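> predicted model and sequence follow; I will ask about them next.
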Amino acid sequence: MNPAPSNPDRILVVDDEPEIVALVAYHLAKSGYRVSTASSGQDALELARRDRPSLIVLDLMLPGMSGFDVLEQLRADDSVRDMAVLMLTARREEPDRIRGLSLGADDYLTKPFSPAELVLRVAAILRRTGNTVPTSADALVIGPLQIDRAAMTVRVEGEAVELTPTEFKLLLTLAERRGRVQGRGHLLETVWEAAPDIQTRTVDMHVQRLRTKLGGAGELIETVRGFGYRLRASAPRAV
């Protein structure tokens, strides 16, 4: 596991559902961020002005003051107007997304959501806006394989490898749990979110394509017969 950075970014999570707050806060803290939380729009504005977080994960449907109202007030206040905002909401309608982005949201993610995707989006926003504190926690290096979580890029021996979002998520899942066997069913839940029309053969086909794209580094992905796959904790030694 990579050590947490000594001066990580602070993320403010704003949602009135305790389960969502706990889920988001857990995964962000696990990724090395400092996390504070608020359950109302007014508390969110006070914490934003006091703590100056690098990014706010903001729910739309809040008691008393909506997420739209919070975002509007943030963008009207010179002291916090440049703060990055990721809107997280159960409202999927296009007008809501357009309104949020028009008011100045940096990204928009709908519920239910993948915690891994949320963490990646947070890192990408911080990288894009320049609000992030540079940290080695974004990088995973395993033998010749280099994975940048924030930029969502992969390199082998310094050469860029083009992966689809699903391939990247699959590789990242294996890399973050390197040395441990990951069952096909678990990978389906984590990477494909257990869509009912997805079969375990899909995992095998994606792993095969991933190995091909990684070239020599593809040997890091081991097949565990009858169960699933494991990413080696280190590169295999040459014989």
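Yep, it's here. Since this is a predicted model, take the numbers as computed values, not measurements.

> when you work out contacts or count neighbours from here on, use the C-alpha atoms and nothing else.
Noted.

> show me where this protein has its strands.
10-14, 34-38, 55-59, 84-89, 107-110, 139-142, 145-148, 153-156, 159-161, 182-183, 221-224, 228-231 (DSSP state E).

> buried residues in stretch 219-229?
For stretch 219-229, the neighbour count (16 or more other C-alpha atoms under 10 Å) marks Leu220, Ile221, Glu222, Thr223, Gly228, Tyr229 as buried.

> now do stretch 52-64
Arg52, Pro53, Ser54, Leu55, Ile56, Val57, Leu58, Asp59, Leu60, Met61, Leu62.

> what is the rounded mean pLDDT of that stretch?
For stretch 52-64, mean pLDDT rounds to 91.

> again, but for stretch 164-183
90.

> centre of the chain to it, how far?
Centroid separation for stretch 164-183 versus its chain: 13 Å, with C-alpha atoms, centre = their mean, to the nearest Å.

> how about stretch 23-36?
Using C-alpha atoms, centre = their mean, the offset of stretch 23-36 from its chain centre is 11 Å.

> next, the buried residues of it.
For stretch 23-36, by 16+ other C-alpha under 10 Å, it's Val24, Ala25, His27, Leu28, Ala29, Ser31, Gly32, Tyr33, Arg34, Val35, Ser36.

> Pro63 and Asp16 touch, don't they?
Yes. Using C-alpha atoms under 8 Å, Pro63 is in contact with Asp16, at 7.5 Å.

> tell me the residues that contact both of those two, please.
Residues touching both Pro63 and Asp16 (C-alpha atoms under 8 Å, 6 or more residues apart in numbering): Ser40.

> once you drop chain neighbours, what's closest to Gly67?
The shortest distance from Gly67 to any non-neighbouring residue, by C-alpha to C-alpha, 6 or more residues apart in numbering, is to Leu60 (4.0 Å).

> same deal with Arg230?
Val181 (4.6 Å).

> what's the burial count for the one you found?
Val181: 17 surrounding residues under other C-alpha atoms under 10 Å.

> need the contact list for Thr166.
Val191, Trp192.

> try 7 Å
Val191 (C-alpha atoms under 7 Å, 6 or more residues apart in numbering).

> same deal with Glu167?
His206, Leu210.

> please report how far it lies from Arg34.
Distance of Glu167 to Arg34, given as C-alpha to C-alpha, to the nearest Å: 29 Å.

> next one: Thr173
Going from Thr173 to Arg34 by C-alpha to C-alpha gives 22 Å.

> and Phe68, by the same measure?
Distance from Phe68 to Arg34, by C-alpha to C-alpha: 24 Å.

> and if you look at Leu58?
From Leu58 to Arg34 the distance is 16 Å (C-alpha to C-alpha).

> can you list the domains in the chain?
The chain breaks down by automatic domain parsing into domains covering 10-129, 137-231.

> and these, which is most packed in?
domain 10-129 (a mean of 18; mean count of other C-alpha atoms under 10 Å).

> ends of that domain, what's the gap?
Using C-alpha to C-alpha, the end-to-end distance of domain 10-129 comes to 15 Å.

> per-residue pLDDT, the nearest residue to Arg211 once chain neighbours are set aside?
Counting by C-alpha to C-alpha, 6+ apart, Gly218 is the residue found nearest to Arg211 once chain neighbours are left out, at 4.1 Å. Predicted confidence (pLDDT) for Gly218: 93.
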